[in-house]
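**Q** Attaching a predicted model along with its sequence, questions to come.
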Amino acid sequence: MTNIHYLPFINNSEAITWRQNLEQAFMRDHKNDYDRLNAARADSTDIVMLNNTKKELQCKWFVKLNEEIYKKLDAKLAGIPNDETVIAAMPEFFWRNINDNQKHTDPHEIINYGKSFSYEVKQIWPDSKPEDEYSFQKLTTRYPNLILFAGTVWWKKDDLIRNSIPIFANGQYIGQWPKTNLSSIDGLGGPIIDYPDFNKIDKSAIHWQPQNVNDADKLPSPEITFNGLRIGLDICLDFIVDGSCSRDLLPTKPDIHLLIAGGMPISNENEAYINAEKLFLRCDAIEYHINASYQNISQNEALKTVSAPVNEELFARVDLII
């Protein structure tokens, strides 16, 4: 029997308000930077200056948001025995730029609110070190029993938008697994499309460079082994398109199936796509779809809803034995 502690980020109204307050405080503290950005926007002739100013501000905001999440997780992890496995998960689209010019107005609808990061911003993660203050490498060094699926980051390079999830464990940045079935919510401005690199889960095109995960001769797969447990991963639409990405790519059922989503409730229609021997975990960005749920398959339990935390803890806690 194995003790598992599931810490999902609950993106409910309280969490949305927390983020809005954090964004507004950041913009007040960096008023001079935003004045420069607005001046660069007004002078559309200097595109290089505009892009550099955007990236500089994005990096500062990214670092601040990372710091706050580190503190929340650090507080939540206190008191959990080091020999018991902790799986922390954050929802899809969590890492996105501040909506500083109110281009979109409804923070409850991510598709109409979020803004992607530049490629350079997301590179802050792999370049961080365990000794860096508030780095997730440091967090997973201090808590070696923790694996962190840090929500997805919306990023853009060469006018192409990507949506991928960074993973941290054992003081390392493991890598980023990309969402393979993209739609309008991913910033593409249209319905589900045949994305040339990722259509039909083209394994050779998935840019996945995990450390100490799969054997060198295996093709990429959304699987991580941590503390002796195989964890399979799906991001939102990947859960239902073609019968789930993880089921298509994994040779056998993993011990744990983790679904990170931005609007993927479990229903009678898609419950059959759950692909795990022992435990199913879900973390969703949309409150009206229920932010988090789990099913302890090893105990023959039905799907259950995760209760929301209190006092701006943001991360809930579910204690399980599988």
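**A** Perfect, I can see it now.

**Q** measure the closest residue to residue 63 other than its chain neighbours to residue 68 for me?
**A** Closest residue in space to residue 63, ignoring its immediate chain neighbours: residue 124 at 6.8 Å, by C-beta to C-beta, 6 or more residues apart in numbering. Where you see a C-beta, it was placed from the backbone N, CA and C, and this is true even at glycine. Per C-beta to C-beta, to the nearest Å, residue 124 is found 15 Å from residue 68.

**Q** So for the residue minimising distance to the centre of the chain, what pLDDT did the model give?
**A** Central residue of the chain (C-alpha atoms, centre = their mean): residue 151, 0.9 Å from the mean position. pLDDT, residue 151: 94.

**Q** pretty sure it is touching residue 258, no?
**A** No - between residue 151 and residue 258 there is no contact under C-beta atoms under 8 Å: 11.8 Å.

**Q** and for those two, which residues touch both?
**A** Common contacts of residue 151 and residue 258 (C-beta atoms under 8 Å, 6 or more residues apart in numbering): 89, 283.

**Q** pLDDT below threshold where in the protein?
**A** By pLDDT under 70, the low-scoring segments of the chain are 44, 99-116, 158-161, 182-221, 242-245.

**Q** Now with 80, please.
**A** By pLDDT under 80, the low-scoring segments of the chain are 40-51, 99-120, 122, 154-162, 178, 180-222, 241-251, 288.

**Q** hey, where'd the strands end up in it?
**A** 3-8, 85-90, 117-118, 146-150, 153-157, 160-169, 172-178, 223-226, 229-235, 256-261, 279-284, 292-296, 304-305, 318-321 (DSSP state E).

**Q** For the first one, buried residues please.
**A** Across strand 3-8, burial judged by 16 or more other C-beta atoms under 10 Å covers 4, 5, 6, 7, 8.

**Q** what would those residues look like in CSV with distance to residue 54?
**A** Formatted as CSV, these follow (distance: C-beta to C-beta, whole Å):
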residue, distance to residue 54
4, 41
5, 39
6, 36
7, 33
8, 31
